[in-house]
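>>> let's see this in three dimensions:
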Amino acid sequence: MLNKVLFDYTNAFGPLFQLHQNIIDSNLMKSLLHESNLTTEKIQEIVLNNLDFLKEMINLNNINLNTTKIEIVYRNNGPEDKYSMKWHIDDKQVMKKNIQEVYNMEIIYQNDKHIYALYGTKNPKYSIVLYLDSHNIDFQGGEFHFQNETILPQRGDVLIFDSRIVHKVDLLTSGRRRAILIKIY
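Sure thing, here's the model as predicted:
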């Protein structure tokens, strides 16, 4: 492999998340970083042409990436976008509701007055984030958080995680933060 795995948190079910540092020398990142006009269509083409590399990186031998649904989202945010993400699970939102207001939701915590529940119907298995810019160099803010870990994105890093893990992104305060999110269903 061309990268160093900085974090590899696993449990009995497999990897919870991994941070691969500095894969700039891979064909995938070279193609993305050297493209002068990145469009959603161009990103999809580059990512789909490099599925074998992603499959090898995250050791998904049991998933046929050529027939599995894959969603690719390009985020190109500046401070004017006021970009941040509250605590959530991909394709689901954590909502605090009064007990009598909850219907058709997956309950994750309950006390005497409120229920914290997940709302949403899609359930990706894995999420992959490819970072095209560096924290504290290209942008300020925009830190990625798991419950017990903070990721300071760096250009060329790839974050891979179980989509059922709760996470958030802090408010981007300055600069430009570009990232590609790939969800595997």
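>>> and G141, how many residues sit next to it?
16 (other CB atoms under 10 Å). No exception for glycine: its C-beta is placed from N, CA and C like everyone else's.
>>> bridged to it, which residues?
L172 (DSSP bridges).
>>> let me see the contact set for it.
79, 84, 170-174 (CB atoms under 8 Å, 6 or more residues apart in numbering).
>>> which pair in those spans the largest distance?
Within the contacts of G141, S84 and S174 form the most distant pair, 13.4 Å apart (CB to CB).
>>> isn't there a helix covering M57?
Yes - according to DSSP: H, G, I helix; E, B strand; the rest coil, M57 belongs to a helix.
>>> so the residue nearest to E35 when sequence neighbours are not counted: helix, strand or coil?
Among residues not flanking E35 along the chain, K42 sits closest, at 6.0 Å (CB to CB, 6 or more residues apart in numbering). Under three-state DSSP, the three-state class of K42 is helix.
>>> K42: neighbour count?
When neighbours are counted by other CB under 10 Å, K42 comes out with 14.
>>> repeat that for the one 5 residues further on.
Here the number of neighbours of V47 (other CB under 10 Å) works out to 21.
>>> likewise the one 10 residues further on?
A count of neighbours around M57, defined by other CB under 10 Å, yields 21.
>>> was I right about it contacting I160?
Yes - the pair M57 and I160 passes the contact test of CB atoms under 8 Å, sitting 7.2 Å apart.
>>> what do these two both touch?
Joint contacts of M57 and I160 (CB under 8 Å, 6+ apart) are H20.
>>> and R164, how far is that from H145?
16 Å (CB to CB, to the nearest Å).
>>> what's the helix or strand for L54?
In this assignment (DSSP states H and E), L54 forms part of helix 51-58.
>>> tell me the buried residues in the next helix or strand after that helix?
Once the chain leaves helix 51-58, the next helix or strand it forms, by DSSP H and E, is strand 70-77. With burial defined by 16 or more other CB atoms under 10 Å, the residues of strand 70-77 counted as buried are 70, 72, 74-75, 77.
>>> ok, whichever helix or strand comes after strand 70-77: who's next to it in the sheet?
Next helix or strand after strand 70-77 toward the C-terminus (DSSP H and E): strand 85-89. If you go by DSSP bridges, strand 85-89 pairs up with strand 92-98 (antiparallel), strand 167-169 (antiparallel).
>>> weakest of the ones you listed in terms of mean pLDDT?
Among the strands paired with strand 85-89, strand 92-98 has the lowest mean pLDDT, at a mean of 62.
>>> which of the buried residues of strand 70-77 lies closest to P124?
Nearest member of the buried residues of strand 70-77 to P124, counting by CB to CB, is I70, at 9.2 Å.
>>> contact partners for M29?
If you count contacts by CB under 8 Å, 6+ apart, M29 has them with 23, 130, 156.
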